[in-house]
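Visitor: Quick one: sequence and predicted model below, then my questions.
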Amino acid sequence: MTVKNLLVELFVEELPPKALKKLGDAFASVLLEQLQAQGLASAASQVTAFASPRRLAAHITAVAAFAADKAVSAKLMPVAVGLGADGQATPALLKKLQALGADASAVASLKRAMDGKAEALFLERTVAGAKLQEGLQKALLEAIAKLPIPKVMTYQLSSGCALPGWSSVSFVRPAHGLVALHGADVVPVEALGLQSGNTTHGHRFEAAVDPVVLKDADNYAATLAQDGAVIASFADRRADIVRQLNAAAAQIGGGVRAIEDEALLDEVTALVERPNVLVCSFEEEFLGVPQECLILTMKANQKYFPLLDAAGKLTNKFLVVSNISPADASEVIGGNERVVRPRLADAKFFFDQDRKKTLLSRVEGLGKVVYHNQLGSQGERVERVRAIAKAIAQQLGGDALAAQADQAALLAKTDLVTDMVGEFPELQGTMGRYYALNDGLPADVADAIEDHYKPRFAGDSLPRNPVGIAVALADKLETLVGMFGIGNLPTGDKDPFGLRRHALGVLRMLMDITPSLNLDAVLRIAMQKPQWPTAYEISTISPDGSVRWTQSLLLDFFEDRLAVMLKDQGATAQQSAAVLAGDKFWFVSEVPKRLAAVRAFAALPEAAALAAANKRIGNILKKADAVDAHVSAVLLQEPAEIALFAAMQEVAPTALAQFEAGDYTASLQSLAALRAPVDAFFDGVMVNAEEADVRLNRLGLLQSLHNAMNRVADLSKLAS
């Protein structure tokens, strides 16, 4: 069997940069999977993906010219259908054999085997292994079909293709070349109207030769680099850009560094074939504009890498990743400097114009901005956020904090009607802070205006002060209550209003702040009816089709989000259920402590028995009428119940004191001492005694025990 390395390349017009890496990885992985499925590549075969602006390629090791023959067994039909009473083949069997390429001579060699309850006929034969040409043709078409193409374009084939004229194909970009090499041999395959060969094309301007002839599969990257001036590997090209960026920054000196942005780095890697990093600059007068504006316009519009000094402040220098390497780069540098200047001038103009009006003067304009057709304008929304923020701030810090939160909430959305945010929506909040400071507002209020969007994503920082916390909570709660109230609930993986993200943000803040706030209480604040338009309802249709009170639905939603958070922190489903049972999660700030206590308790040898006993107690109490947690020592009869009561008298006060002191872990561990008397109680005591007073007394003892054991968490949830 001939085994060689295989190279496949599609040469195309410039591919969409944001999708390039994903396209390259998908092309290579599907090719390998398909060849392995046909037996042409083994489990030991390795694939290397290549992706540059104008090519997708894959190098696969140890690919066979022919796949090994394999034995296959094909089920035909039940014996009763395939053979007559005389044992001769029926017409149905002969027709089936003919469809499989066999004839009546194969009847004698058919195998009989049980298939379920009936005996069936099977045709066993050896099938020749796939040839590389056929297998690669199939694999290539499958790889093209499965590419995660963001948008397909249809184009006519050129006269040099296999199907010229009016024929057209659909692909991510027009394809102009196909390479398929098994070692040094061309594998004749076709795709996208192209026939395979051993030539490709290098850099548009700097290739040493054109076309580039590939001698064999293994010299692909080296030949392209030498003759085509192209670094074919996405990873190698990215690493080269990082190296050049760092070297250029180090050459400038003074602790200057290029801004870190992984998405920008990936996009630039997808835009160049052989990177050349150049240092450019702009006029220092532009540094008077907030650096966030300048950085955003350079990154988003020009794909430049701004340079920051050692203190993290923007300098007037930036780095360009060019796709050409002329001997004299001055024209390239000058061209990029000329291009960026109008962008920076626009940012400066917007900033100067916006500062001519105060944020307060812009509040009225929010009334003309639609928020939601059922929930009114941004102006109406602001009034709701103000009311919620004031009430929350009152609980966090009294009148002074409430006044600041009210002011910040009033102005938080005003930068939406500024020119700068109109041009760069990503700067909402950020520009509000700058304009607030320009208006002479307190720093805490200005910071809160920027921070009220936080946390925007997992791992994002929280608002930096109590004013920001109050307004951020109010903003997210208003969104959640409003959207749930009109029935815009997340479904499956669809969450167009980011409600899961908002809920996680609320939980993170409630988990962090002091004094702690009750989740149920802040939801009630957010749902005050006078704040909402008449179209809003406090009940909505839940996913199961029932009508439920919005607050109840939201509490369930928050509980689900908390469960996700705890799972991410390593909690088991049982531990999460124990911590979140009932209303215990309403004080979100206590959840981490409760979880730590439960995890420590679960590690104790007594945990499983006590959890099972707790579950049993809960089931007993559910069947009884309302039980008073009162025990009369006089009515205790059995030694086991007397011993349990005595143990309770000793352990329960200690566990309660530890609970009230906030030491939940110690409280649960103290209860571990009850395992032996609890086990003895259930072994030797009949709870449902015939005498009513004895029965009620024993139920009271169990209720007392149940209360003591479930202060921190519902331990019955730990029972398997």
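Guide: Thanks, I have the structure now.
Visitor: how about stretch 460-467: buried residues?
Guide: 462-463, 465-467 (16 or more other C-beta atoms under 10 Å). Just so you know, the C-beta spots here come from the backbone N, C-alpha and C atoms, and that holds for glycine as well.
Visitor: swap that for stretch 396-404, please
Guide: Using 16+ other C-beta under 10 Å as the burial criterion, the residues of stretch 396-404 that qualify are 396-397, 401-402, 404.
Visitor: ditto for stretch 36-53
Guide: 36, 38-41, 45, 47-53.
Visitor: Then stretch 429-442?
Guide: Result for stretch 429-442 [16+ other C-beta under 10 Å]: buried residues 429-436, 439, 441.
Visitor: Stretch 416-427 too?
Guide: 416-421, 424, 427.
Visitor: Next: stretch 603-610.
Guide: Quick answer for stretch 603-610 (16+ other C-beta under 10 Å): 606-607, 609-610.
Visitor: ok, of those residues, which one's closest to residue 564?
Guide: residue 607 (24.6 Å; C-beta to C-beta).
Visitor: tell me the two of the buried residues of stretch 36-53 that are most distant?
Guide: Taking C-beta to C-beta as the measure, those have their most distant pair in 39 and 53, spaced 34.9 Å apart.
Visitor: Dump the buried residues of stretch 396-404 into a markdown table; add distance to residue 194 and secondary structure as well.
Guide: Below are these laid out as a markdown table (distance: C-beta to C-beta, whole Å; DSSP: H, G, I helix; E, B strand; the rest coil):
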| residue | distance to residue 194 | secondary structure |
| --- | --- | --- |
| 396 | 67 | helix |
| 397 | 70 | helix |
| 401 | 69 | helix |
| 402 | 70 | helix |
| 404 | 67 | helix |
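Visitor: Pick out whichever of these sits closest to residue 584.
Guide: Nearest to residue 584 out of these is residue 396 (C-beta to C-beta; 22.1 Å).
Visitor: Tell me how far that closest one lies from residue 554.
Guide: Applying C-beta to C-beta, to the nearest Å, the value for residue 396 to residue 554 is 21 Å.
Visitor: Check which helix or strand residue 230 maps to.
Guide: For residue 230, there is no host helix or strand (DSSP states H and E).
Visitor: Going forward, count from 644.
Guide: Taking 644 as the first residue, the last one we looked at is residue 873.
Visitor: give me the number of residues near it?
Guide: Other residues near residue 873 number 28, with proximity taken as other C-beta atoms under 10 Å.
Visitor: cool, residue 895 as well?
Guide: Neighbours of residue 895 using other C-beta under 10 Å come to 15.
Visitor: Wait, it touches residue 960, no?
Guide: Yes. Taking contacts as C-beta atoms under 8 Å, residue 895 lies within contact range of residue 960: 6.5 Å.
Visitor: and for the two, which residues touch both?
Guide: 922, 950 (C-beta atoms under 8 Å, 6 or more residues apart in numbering).
Visitor: What residues does residue 1313 make contact with?
Guide: Residue 1313 touches 1294, 1297-1298, 1301, counting by C-beta under 8 Å, 6+ apart.
Visitor: let's see it at 6 Å
Guide: 1294, 1297-1298 (C-beta atoms under 6 Å, 6 or more residues apart in numbering).
Visitor: where does the chain have its least confident helix or strand?
Guide: Sorted by mean pLDDT, DSSP states H and E, the helices and strands of the chain end with strand 1182-1184, the least confident at a mean of 57.
Visitor: Need phi/psi at residue 686.
Guide: Here is the backbone geometry of residue 686 (degrees, to the nearest 10): phi -60, psi -20.
Visitor: Kindly report the same for residue 959.
Guide: The phi/psi pair for residue 959 (degrees, to the nearest 10) is phi -90, psi 20.
Visitor: how much space between the residue nearest to it when sequence neighbours are not counted and residue 1168?
Guide: With sequence-adjacent residues excluded and distances taken as C-beta to C-beta, 6 or more residues apart in numbering, residue 959 is closest to residue 927, at 4.8 Å. Separation of residue 927 from residue 1168 (C-beta to C-beta) stands at 49 Å.
Visitor: out of these two, which sits in the busier spot?
Guide: residue 1168 (21 against 9).
Visitor: Per-residue confidence, that one, what does it come out as?
Guide: Here the pLDDT value assigned to residue 1168 is 90.
Visitor: Which secondary structure element is home to it?
Guide: helix 1162-1169.
Visitor: Same check on residue 1257?
Guide: Judged by DSSP H and E, residue 1257 forms part of helix 1250-1266.
Visitor: And that helix, what does it pack against?
Guide: Applying 3 or more C-beta pairs under 6 Å, 6 or more residues apart in numbering; DSSP states H and E, one finds that helix 1250-1266 contacts helix 1318-1327, helix 1335-1352.
Visitor: so which of those gets nearest residue 1013?
Guide: helix 1335-1352 (52.2 Å).
Visitor: contacting residues around residue 705?
Guide: Listed by C-beta under 6 Å, 6+ apart, the contact set of residue 705 reads 646, 685, 688.
Visitor: May I have the phi/psi pair for it?
Guide: Residue torsions, per degrees, to the nearest 10, at residue 705 are phi 50, psi 60.
Visitor: what secondary structure does the closest residue in space to it that isn't next to it in sequence sit in?
Guide: For residue 705, ignoring the flanking residues on the chain, the nearest one in space by C-beta to C-beta, 6+ apart is residue 688 at 4.8 Å. Following DSSP: H, G, I helix; E, B strand; the rest coil, we place residue 688 in the coil state.
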